[in-house]
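# the following block contains a protein sequence and its predicted model.
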Amino acid sequence: MLWLLERPRISGLLNIGSGHARSWADLAKATFAAAKKPCKIEFIDMPSDIVAAYQNFTQADIGKLRALGYDKPMTSLEDGVADYVTNFLAKDDPYL
């Protein structure tokens, strides 16, 4: 956001993410690790009534952002979750 703020001539819709596909299991593992809890994940089958509408694969295409000149590395899922859990959720008041 700060990079864009410094470049007011850049506008439009930009896909911002890591550029790497990750799974819900990766997110759960990162959350357990950040909370310093043992990882306990239980898998269940996808309900049949939502299978057709569920998007199984997502991956940010950050090509447009890179083409505009943004060359800094993206925050990893693990680092982002750790930051959020440590600096917000684990605080007495997560809104401060």
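Noted; the coordinates are in hand. Numbers count the residues shown, from 1 in each chain.

# leaving out the residues flanking it, which one is nearest to Ala35?
Nearest residue to Ala35 in three dimensions, chain neighbours excluded: Val85, at 5.7 Å (Cβ to Cβ, 6 or more residues apart in numbering). The way it works is simple: take the backbone N, C-alpha and C, and place the C-beta from them, glycine included.

# shaky segments in the chain?
The chain contains residues with pLDDT under 70 at 94, 96.

# what about whichever helix in the chain runs longest, distance to the chain center?
Using DSSP state H to define each element, the chain has its longest helix at helix 24-34. Centroid displacement of helix 24-34 relative to its chain, using Cα atoms, centre = their mean, to the nearest Å, is 11 Å.

# and for the residue nearest to Ala35, the neighbour number?
Per other Cβ atoms under 10 Å, the neighbour tally for Val85 reads 19.

# which residues touch the residue nearest the centre of the chain?
Nearest to the geometric centre of the chain sits Leu77, at 5.5 Å (Cα atoms, centre = their mean). By Cβ atoms under 8 Å, 6 or more residues apart in numbering, Leu77 lies in contact with 18, 22, 26-27, 30.

# which among those gets closest to Lys37?
Distance to Lys37 across the contacts of Leu77 (Cβ to Cβ) is lowest for Ala30, with 11.6 Å.
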